[in-house]
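K.L.:
give me a 3D structure for the following:
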Amino acid sequence: LDDGRGFSSTSSASSSSSSEIAPSSRLSSVMKPINFATSSAIEGQESQILQVDLEPNQVLRAESGAMIFMTQGIEMSTSLGGGESKSSISDGFKRMLTGQNMFISDYTYNGAEGTVGTVALGTDFPSKIIRLSLSEYGNKIVCQKGAYL
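P.N.:
The predicted structure follows:
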C-alpha cells in the first residue's frame, strides 16, 4: 500500500506544523493493492479506529505506533520507508522535521490463500477518522501533525 490509502484522522488538538502526504509507488508495483471500499471499516463513535482486512501479499503502510491490534498471520516491519537508500533516510528526517514519526510500519498478511488477517489503526487521543480520495485533491493533501495513520 502507498501513502495514498485515503484515510486521515482528525482531532480537536491543533498543531502549527503540517505534513504533506503524496502517493508513493514503491510498494504498489510489488504487492497486491487493497480495495478499501470492501476491506476496511471505521469503528467507534468518539474515539474511532480503522480496521483493515488484508489478503495474502497485501501490505498496509501506517504511521509507526498507530497499530491498535493485529491478528495472527500479520507481520510488521518498521523502516524509514522507501527501501535501503540515502533517500529513505532523507524521507525519515523530512517526516521528523514536520512533527511526524521518523519511522513507517508495513503490515503484511502471510496467511493461506482465501483467508484474511486484520490490522486495526488508531491514535492515542480521541479522534475521528475520515476517508479521503487523493484523486479528488490532485493526489496531494497537506495535513496537520498527527493526521496520518
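
K.L.:
and the most centrally placed residue in the chain, helix, strand or coil?
P.N.:
Against the mean C-alpha coordinate of the chain, by C-alpha atoms, centre = their mean, the closest residue is Ala62 at 2.8 Å. Assigned by DSSP: H, G, I helix; E, B strand; the rest coil, the conformation of Ala62 is strand.

K.L.:
again, but for Asp124
P.N.:
coil.

K.L.:
leaving out chain neighbours, which residue sits closest to it?
P.N.:
In space, and not counting its chain neighbours, Asp124 is closest to Gly65: 7.7 Å by C-beta to C-beta, 6 or more residues apart in numbering. Yep, even glycine has a C-beta here, placed from its N, CA and C like the rest.

K.L.:
buried stuff in stretch 112-121?
P.N.:
Buried positions in stretch 112-121, judged by neighbour count with 16 or more other C-beta atoms under 10 Å: Val116, Gly117, Thr118, Val119, Ala120, Leu121.

K.L.:
ignore what I typed, I meant stretch 47-57.
P.N.:
Those would be Gln48, Ile49, Leu50, Gln51, Val52, Asp53, Leu54, Glu55, Pro56, for stretch 47-57 by 16+ other C-beta under 10 Å.

K.L.:
could you dump it to CSV, C-alpha only?
P.N.:
Extracted as CSV, the C-alpha positions of stretch 47-57 are listed here (Å, rounded to 0.1, in the frame of the first residue of the first chain):
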residue,chain,number,x,y,z
SER,A,47,-12.6,7.7,19.5
GLN,A,48,-12.5,5.7,16.3
ILE,A,49,-10.3,3.0,14.9
LEU,A,50,-9.8,1.8,11.4
GLN,A,51,-9.9,-1.9,10.8
VAL,A,52,-8.3,-3.2,7.5
ASP,A,53,-8.6,-6.8,6.3
LEU,A,54,-5.5,-7.9,4.4
GLU,A,55,-5.4,-10.8,1.9
PRO,A,56,-2.1,-12.7,1.2
ASN,A,57,0.5,-10.5,-0.5
